[in-house]
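Asker: Below are the sequence and a predicted model; questions follow.
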Amino acid sequence: MARSYGLSLAAHLRAAGIPFRIFGKPMSTWRNHMPKGMFLKSEGFASNLSAPDSASTLEAWCAANAKDYSAQKIPVAVDDFVAYADWFTRTYVPTLEEKNVTNVARHANGYTLTLENGAHVEARRVVMAVGITWFKNIPDTLAALPQAALSHSFDHTDCARFKNREVVVLGAGASAIDTAIAMHDAGAKVKIVARGKTIRFHAPPDNEEPSILGQLRKPDSGIGPGWRSFFCTNAPLLFHRLPQKLRLDITRRHLGPAPGWFTRAKIEGRIAVQLGQTLESAHMVDGRVALDFRGDNGRSRIVMADHVVAATGYKPDLKRLPFLDGALRDAVEQLEGTPVLSDNFESSLPDLYFLGIAAANSFGPLLRFMVGAEFAAPRLSAHLHGRMAAAYVAQAA
């Protein structure tokens, strides 16, 4: 699949001379499901697609295209990132086939993929790098609302249709803040309502070079500062071997909702924010949405709106992948809806692999972020190279 992990793996496979086919619409989430004008939360140094070529980085692309770049001090515009990804695809994955896969089924000698044009492809090995597209999470408390009154932050790129409408954005993470800004800039009357007591904006970068003592106290990593993030980024194989409960707890709780530091000025004093509010139910009243909240002080209140945006994150679950054959899906050993994986990303079904957010319960929060491709792509590429070499030797014997 042509998401960041899929493109990165393909670049490594191509460099290693391993035959493959890759399907999907490249970077469709970034291209079609992010608010116009937004900036990536990840720092410049952690926003690379992975290829075994030093010229493949975002920094190198920015230098070649006269774009401002800083490892940490200049946020990356989504339009620049998409342009970089398009260049990366043309340069390192020129064989990408822009057709979606509509079904993946298992047979005696491997797998059969059905494409959107009805064609069938036989494959000995399949890697699923599906990104977040199918995993948007909407709380059950919103289930009673009609489709016209409810959406997910994933659904919004152009917010012009909400001009002069009252919109409530639920959540306090990057998606919530980015969507609220886009709605406000489009002329909507926006209110952010969240369960947490604060919005945990990332700290802005320090203009001073970090001291040795500062780095020892709070080292930098591709997913954020601090020793826990440093461990998750630099020791994913060790993380993979942690006791199951500890592994799941860290993946679930570490790095909660946190918008980029550069969004604070676009929220404070411009957009109404109500914190410490837990949503208990939602229903329609005279064509408008009535949201029933209970505050941390125990008081109930009703917030009215024309539309509600659930900026409530993503929850990987294989049942949400409509193109997975039911028998195949049920045969995969799972943990909380995600595949149980070997240290080479292989599921319990031989030669079926998963990358990205679907692998986070196995390898930790690193796999929720783009920077995780710098670990996953070369590792899986090396594994596949070894497996194919072993098969060739066995056949020759």
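Answerer: Okay, I see it.

Asker: From now on I want contacts and neighbour counts done on CA atoms only, so please keep to that.
Answerer: Fine.

Asker: Can you give me the neighbour number for Asp68?
Answerer: Neighbours of Asp68 under the rule other CA atoms under 10 Å: 11.

Asker: mind checking pLDDT for it?
Answerer: Turning to Asp68, the model gives it a pLDDT of 95.

Asker: For it, which residues are in contact?
Answerer: 62, 74 (CA atoms under 8 Å, 6 or more residues apart in numbering).

Asker: Ramachandran coordinates for it?
Answerer: phi -60, psi 140 (degrees, to the nearest 10).

Asker: how far away is it from Gly224?
Answerer: 22 Å (CA to CA, to the nearest Å).

Asker: One more: His12?
Answerer: 26 Å.

Asker: ditto for Glu43
Answerer: 9 Å.

Asker: Ok, Ala180 next?
Answerer: 24 Å.

Asker: out of these two, which sits in the more crowded spot?
Answerer: Neighbours per residue (other CA under 10 Å) separate Ala180 from Gly224, with Ala180 holding more: 32 against 18.

Asker: my guess is the more buried one contacts Gly187, does it?
Answerer: No - Ala180 is beyond contact range of Gly187, at 10.8 Å (criterion: CA atoms under 8 Å).

Asker: Could you confirm Thr95 falls within a helix?
Answerer: No - with DSSP: H, G, I helix; E, B strand; the rest coil as the criterion, Thr95 is assigned coil and is not in a helix.

Asker: Can you report how many residues lie near it?
Answerer: Quick note: Thr95 (other CA under 10 Å) scores 15 neighbours.

Asker: Same check on Gly37?
Answerer: 13.

Asker: Flag the helix or strand of the chain with the lowest per-element mean pLDDT.
Answerer: Taking mean pLDDT, DSSP states H and E as the measure, the chain has helix 212-217 as its least confident helix or strand, at a mean of 74.

Asker: next one: it to chain centre, how far?
Answerer: Relative to the chain's own centre, helix 212-217 is displaced by 30 Å; criterion: CA atoms, centre = their mean, to the nearest Å.

Asker: got the buried residues for the helix or strand just after it?
Answerer: Sequence-wise, the next helix or strand downstream of helix 212-217 (DSSP states H and E) is helix 227-234. Neighbour counts using 16 or more other CA atoms under 10 Å place 227, 229-233 of helix 227-234 among the buried residues.

Asker: Turn those residues into TSV, including distance to Phe39.
Answerer: As requested, the buried residues of helix 227-234 are arranged in TSV below (distance: CA to CA, whole Å):
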residue	distance to Phe39
Trp227	26
Ser229	22
Phe230	24
Phe231	26
Cys232	24
Thr233	22
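
Asker: Out of these, which is nearest to Asp249?
Answerer: Cys232 (12.9 Å; CA to CA).

Asker: Check the gap between the closest one and Val130 for me.
Answerer: 22 Å.

Asker: Could you list the domains of this structure?
Answerer: 4-135+314-396, 140-201+258-310 (automatic domain parsing).

Asker: can you redo these as TSV with distance to Lys218?
Answerer: Formatted as TSV, the domains of the chain follow (distance: least, CA to CA, whole Å):
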stretch	distance to Lys218
domain 4-135+314-396	16
domain 140-201+258-310	17
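
Asker: For Arg252, which of those is the nearest?
Answerer: With respect to Arg252, and counting by CA to CA, the nearest of the domains of the chain is domain 4-135+314-396 at 8.1 Å.

Asker: In the helix ranked longest in the chain, which residues are buried?
Answerer: Looking across the chain with DSSP state H, the single longest helix is helix 373-396. Residues 373-381, 383-385 are the ones in helix 373-396 that count as buried (16+ other CA under 10 Å).

Asker: And stretch 104-114, by the same measure?
Answerer: Buried residues in stretch 104-114 (16+ other CA under 10 Å): 104-106, 110-114.

Asker: Where strands are concerned, which of the residues you listed count?
Answerer: The strands, defined by DSSP state E, take in 104-106, 110-114 from the buried residues of stretch 104-114.

Asker: Now the two most distant members of these.
Answerer: Gly110 and Thr114 (13.6 Å).

Asker: which neighbours do the two share?
Answerer: By CA under 8 Å, 6+ apart, no residue touches both Gly110 and Thr114.

Asker: Specify which residues of the stretch 251-397 of the chain, grouped into ranges, have pLDDT under the cut-off.
Answerer: 391-397 (pLDDT under 70).

Asker: change it to 90
Answerer: The stretch 251-397 of the chain contains residues with pLDDT under 90 at 255-258, 387-397.

Asker: Strands along that one, start to end?
Answerer: Applying DSSP state E, counting those that start in this stretch to the stretch 251-397 of the chain gives strands spanning 272-274, 277-285, 288-295, 300-305, 307-310, 334-335, 338-339, 352-354.

Asker: Not counting its own residues, what contacts the last one?
Answerer: Strand 352-354 is contacted from outside by 125-129, 339, 341, 345-347, using CA under 8 Å, 6+ apart.

Asker: and the end-to-end length of stretch 323-332?
Answerer: Per CA to CA, the first residue of stretch 323-332 is 15 Å away from its last.

Asker: how far out from the middle of the chain is it?
Answerer: The chain centroid and the centroid of stretch 323-332 are separated by 23 Å under CA atoms, centre = their mean.

Asker: Please list the outside residues in contact with it.
Answerer: 101-106, 318-319, 339-340, 347-349.

Asker: okay, the strands of the stretch 251-397 of the chain in JSON lines with mean neighbour count and distance to Phe262 next?
Answerer: Formatted as JSON lines, the strands of the stretch 251-397 of the chain follow (neighbours: other CA atoms under 10 Å; distance: least, CA to CA, whole Å):
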{"stretch": "strand 272-274", "mean neighbour count": "16", "distance to Phe262": "17"}
{"stretch": "strand 277-285", "mean neighbour count": "17", "distance to Phe262": "25"}
{"stretch": "strand 288-295", "mean neighbour count": "19", "distance to Phe262": "28"}
{"stretch": "strand 300-305", "mean neighbour count": "16", "distance to Phe262": "28"}
{"stretch": "strand 307-310", "mean neighbour count": "24", "distance to Phe262": "22"}
{"stretch": "strand 334-335", "mean neighbour count": "15", "distance to Phe262": "36"}
{"stretch": "strand 338-339", "mean neighbour count": "24", "distance to Phe262": "33"}
{"stretch": "strand 352-354", "mean neighbour count": "21", "distance to Phe262": "33"}
